[in-house]
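Novice: Here's a sequence, model it:
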Amino acid sequence: MRLPAVRSVRSLSGASAAVTGAGRGIGRAIALGLARAGARVGIGDVDVEAAEGVAREIGAGGFAFGLDVTDPEGFRAFLDEAERRHGPLALLVNNAGVDWIGPFHEEPDEVTLREIEVNLCGTALGSKLALARMLPRGEGQIVNVASAAGRVPLPGTATYSATKHGVVGLTESLRLEYRRSGVAFTVVQPAQVETAMLEGQARPRALPVVSPEEVAAAVLDAVRRRRFEVWVPRSQGASGKLAAVLPRPAREAVMHALGVHRVAGNSDRDARRAYHRRAFGRD
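Specialist: Take a look at the predicted model:
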């Protein structure tokens, strides 16, 4: 009897990795996890002080870089520096993202554009720049951090949900386009994550809240095993797939029962001001 094939586990020792939005939250947890696994990590973030703090935590195997993922030349310089310091880029984690919460018709136009530019365009740009380095070598991995909101709608934060749907679609398409190239792709779909992005946000009991460290652990497992689709927690994947096959009225009734309409609708706008100011430069 033929035994099932065992998926090999990839070593990250000495691997050159770069993580965007790595100054805090999920990005910080991923950068620290990669460093503990032996990778040498570039920490990119618009908040240079936060990035430098993470680099100090890592020590000699890390470096900080002031990065706005919407700036092509800046992003290229970040990856150039990662390769100069740590060797050919083996892994890019596109994690940087911002989220405005409030009624869609009240969302400022510049905020809408910023969400699209950071969450979707930044991920596309990073993927393109990484592919240009990885394809000639026939190896590498690109991890795009999306969201559970990239598979289901999320009222009250429609633009964010739209950008994350875009990240999912981008990564699904790249996986097929480059399926024989040697470059692997991963799309990460976390539930609500206990970061600054949740400041002032309602938390319905039926919807899970996970820690940045849980997301980082799932990402590291996916990188080691070259897994494509990652849900955090894993149980949410089954729920999402079940909802997708239900008729629309039933699907929307389930989402309403879970409280997706309360995530943003019951948010405390005053409590979110500090986050909005930091992410968008305005309340």
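Novice: how about Ala90, what does it touch?
Specialist: 15-17, 39, 139-141 (Cβ atoms under 8 Å, 6 or more residues apart in numbering). Heads up, the C-betas are built off the backbone N, CA and C, glycines and all.
Novice: which pair in the residues you listed spans the largest distance?
Specialist: Greatest spacing in the contacts of Ala90, by Cβ to Cβ: Ala39 and Glu139 (14.8 Å).
Novice: Mind checking which of these two has more residues around it?
Specialist: Neighbours were counted for Ala39 and for Glu139 using other Cβ atoms under 10 Å; Ala39 has more, 27 against 13.
Novice: Give the partner strands of the longest strand seen in the chain in its sheet and their orientations.
Specialist: Ranked by residue count and defined by DSSP state E, the top strand of the chain is strand 183-190. In the sheet, strand 183-190 lines up against strand 140-145 (parallel), strand 229-232 (parallel) (DSSP bridges).
Novice: quick one on the thing from earlier: please spell out the ChimeraX selection for the buried subset of the contacts of Ala90.
Specialist: A single ChimeraX command is used to select the members of these judged buried by 16 or more other Cβ atoms under 10 Å:
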select :15,16,17,39,140,141
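Novice: Need the contacts of Ala90 in JSON lines (columns: secondary structure, pLDDT and distance to Ser235).
Specialist: As requested, the contacts of Ala90 are arranged in JSON lines below (DSSP: H, G, I helix; E, B strand; the rest coil; pLDDT from 0 to 100; distance: Cβ to Cβ, whole Å):
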{"residue": "Ala15", "secondary structure": "coil", "pLDDT": "97", "distance to Ser235": "30"}
{"residue": "Ser16", "secondary structure": "strand", "pLDDT": "98", "distance to Ser235": "34"}
{"residue": "Ala17", "secondary structure": "strand", "pLDDT": "98", "distance to Ser235": "28"}
{"residue": "Ala39", "secondary structure": "coil", "pLDDT": "98", "distance to Ser235": "28"}
{"residue": "Glu139", "secondary structure": "coil", "pLDDT": "96", "distance to Ser235": "32"}
{"residue": "Gly140", "secondary structure": "strand", "pLDDT": "97", "distance to Ser235": "30"}
{"residue": "Gln141", "secondary structure": "strand", "pLDDT": "98", "distance to Ser235": "25"}
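Novice: Dump the contacts of Ala90 to TSV, plus distance to Gly33.
Specialist: Shown next, in TSV, are those (distance: Cβ to Cβ, whole Å):
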residue	distance to Gly33
Ala15	13
Ser16	16
Ala17	10
Ala39	9
Glu139	21
Gly140	19
Gln141	15
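Novice: Just name the closest of the contacts of Ala90 to Gly66, please.
Specialist: Ala17 (18.1 Å).
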